[in-house]
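**Q** Dropping a prediction and its sequence here:
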Amino acid sequence: MTDLTEFPVPPRAAIGLSALRRIRGAFSGLAPSVVVGSLLLLFWITCALLGNRFVPYDPYAEDFLAMLTPPDASHWFGTDQLGRDVLSRIIVGSRDILLVAPLATLVGVAAGSIIGLVLGYFDGLTDAIGARLLDTLMAFPFIVLVTMTLVAIGPSNLTVVLVIGIAYAPLVARTVRAAVREQKERDYVSAARLGGEGALVIMFLEILPNVRETILIELVTRLGYAFFSIATLSFLGLGIQPPSADWGLAVADGYGFLTGGKWWVVVFNSGAIVSLVMATNLIAQGLGAFENGDG
C-alpha cells in the first residue's frame, strides 16, 4: 500500500496528520484498557463540564402530562415520575458525582500517602502503633462506618468528601507503607542517609517519587470505589442531596416503579454508574499491568 507521506500534503493537512501521529504515539504505549477507560471517563467529564449546552431538554423541567413515558423518539431514555427527561438528567447528573468523588479520593490518598510514608520509614514503636491503628480502622465495614458517621453529622457534599476521604486513608496508608518499607532498603536511601539528609527530605524527595506509581494506582482504584460509594450513599439518602440530578438519587426515586414495569429510570441511571466505575477499573488494571512490566 502506498504511504500517504509519498505525496505532497498541503500545509493545513500536514498539521492535521502531524496531530494524528502525536495522538497515536501518545496512546501506542498504553494498555488497551487504559485507552478505553480514559475515553469513557473523558466522555463523562465532558458531560459534566458542557452537559447544559447539549442536553435535549431542561433536566429540571417537570411535565406532568408525560410522567413515566417509556423510551421513544422524543425521549430516548424515557421520562421519570415527574415527567423530566431521563437522558438530560443523566448527562447533567454526572456533574456532582464527578466533583465529589475525585475530591474525596484526593483527601483519602493524600492523607493515606503521608501516613504510609511515615509508618513505612520509621521502625519500632511508631510503626507498631500505627499499623495496629490501621488494622483497627479497617476492621469496621466501610459502608457501616461511613453511614453511621453521616447519620450523626448530617449529609452534605462537604461531609461526604471528608468522611469518604478519611475512611479511605487507612486503606491507602497500608499499601503505601508496604511500598515504602521495600524502598527504604535500597542503596539510594542509604546514600542519602550517609549524605546527612534528614528523614523528611528522604521520605518526600527520595522515596516518594519512587512509589508514585503505587500511589497513582491507589488513586485511580479508590476513585472507582468512591463513585460507587457515593452513588450508594445517595441511594440511601445520605450522599448528594436533592435537587441534584444525581444518579444514585434517581435510582432511589425510580426503584419503587420497577414492579410496575417502569424500568428505564433505574436501568439507565444504574448503567451510568456502572460505566463510570468500569472506566476507572480499566485504567487501574492497565496501570497495574504496566507497573508489573506486563504492559
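**A** Good, I have the coordinates.
**Q** Quick check: which ranges of the stretch 151-295 of the chain have low pLDDT?
**A** 289-295 (pLDDT under 70).
**Q** for the longest helix along the chain, the distance to its chain's centre please.
**A** In the chain, taking DSSP state H as the definition, the longest helix is helix 86-121. Centre-to-centre, helix 86-121 and its host chain are 6 Å apart (CA atoms, centre = their mean, to the nearest Å).
**Q** and after that helix, which helix or strand comes next?
**A** Remark: after helix 86-121, the chain's next helix or strand is helix 125-139, criterion DSSP states H and E.
**Q** still on that earlier bit, which other helices and strands does the longest helix of the chain contact?
**A** helix 32-54, helix 125-139, helix 157-183, helix 212-235, helix 247-255, helix 264-291 (3 or more CB pairs under 8 Å, 6 or more residues apart in numbering; DSSP states H and E). Where C-beta positions appear, they are placed from N, C-alpha and C, glycine not excepted.
**Q** please redo it, this time with the cut-off set to 10 Å
**A** Secondary-structure packing of helix 86-121 (3 or more CB pairs under 10 Å, 6 or more residues apart in numbering; DSSP states H and E): helix 32-54, helix 125-139, helix 157-183, helix 199-201, helix 212-235, helix 247-255, helix 264-291.
**Q** could I get those helices as CSV with mean neighbour count?
**A** Shown next, in CSV, are those (neighbours: other CB atoms under 10 Å):
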stretch, mean neighbour count
helix 32-54, 16
helix 125-139, 13
helix 157-183, 21
helix 199-201, 12
helix 212-235, 22
helix 247-255, 22
helix 264-291, 20
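**Q** still on that earlier bit, the longest helix of the chain versus helix 32-54: what angle between them?
**A** Helix 86-121 and helix 32-54 are oriented at 130 degrees to each other (axes from the mean of the first three to the mean of the last three CA atoms, to 10 degrees).
**Q** what inclination does helix 86-121 have with respect to helix 247-255?
**A** 130 degrees.
**Q** buried ones in helix 86-121?
**A** Within helix 86-121, the residues scored as buried using 16 or more other CB atoms under 10 Å are 86-98, 100-109, 111-121.
**Q** and the gap between the closest residue in space to F142 that isn't next to it in sequence and I91?
**A** Of all residues not flanking F142 in the chain, A167 sits nearest, at 5.9 Å (CB to CB, 6 or more residues apart in numbering). From A167 over to I91 the distance is 29 Å, taken as CB to CB, to the nearest Å.
**Q** same thing with G224?
**A** In this view, G224 and I91 are 21 Å apart by CB to CB.
**Q** can you check D187 too?
**A** Remark: distance between D187 and I91 (CB to CB) = 53 Å.
**Q** cool, and I230?
**A** Counting by CB to CB, the separation of I230 from I91 is 18 Å.
**Q** how close does G237 sit to L103?
**A** Separation of G237 from L103 (CB to CB): 21 Å.
**Q** returning to what we had before: contacts only, for the residue nearest to F142.
**A** Shown in contact with A167 (CB atoms under 10 Å, 6 or more residues apart in numbering): 104, 107-108, 137-138, 140, 142-143, 145-146, 149, 225-226, 229.
**Q** Can you lay out those as TSV showing distance to V163?
**A** Putting those into TSV (distance: CB to CB, whole Å) gives the following:
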residue	distance to V163
A104	8
V107	10
G108	10
L137	13
M138	16
F140	13
F142	11
I143	11
L145	8
V146	5
T149	5
Y225	14
A226	11
S229	10
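**Q** To L82, which of the helices and strands packed on helix 86-121 lies closest?
**A** Across those, L82 has its closest neighbour in helix 247-255 (8.7 Å, CB to CB).
**Q** for the closest one, packing partners?
**A** Judged by 3+ CB pairs under 10 Å, 6+ apart, helix 247-255 is in contact with helix 86-121, helix 212-235, helix 264-291.
**Q** For Y168, see how far away the spatially most central residue of the chain is.
**A** Centroid-nearest residue in the chain, with CA atoms, centre = their mean: L223, separated by 2.7 Å. Distance of L223 to Y168, given as CB to CB: 10 Å.
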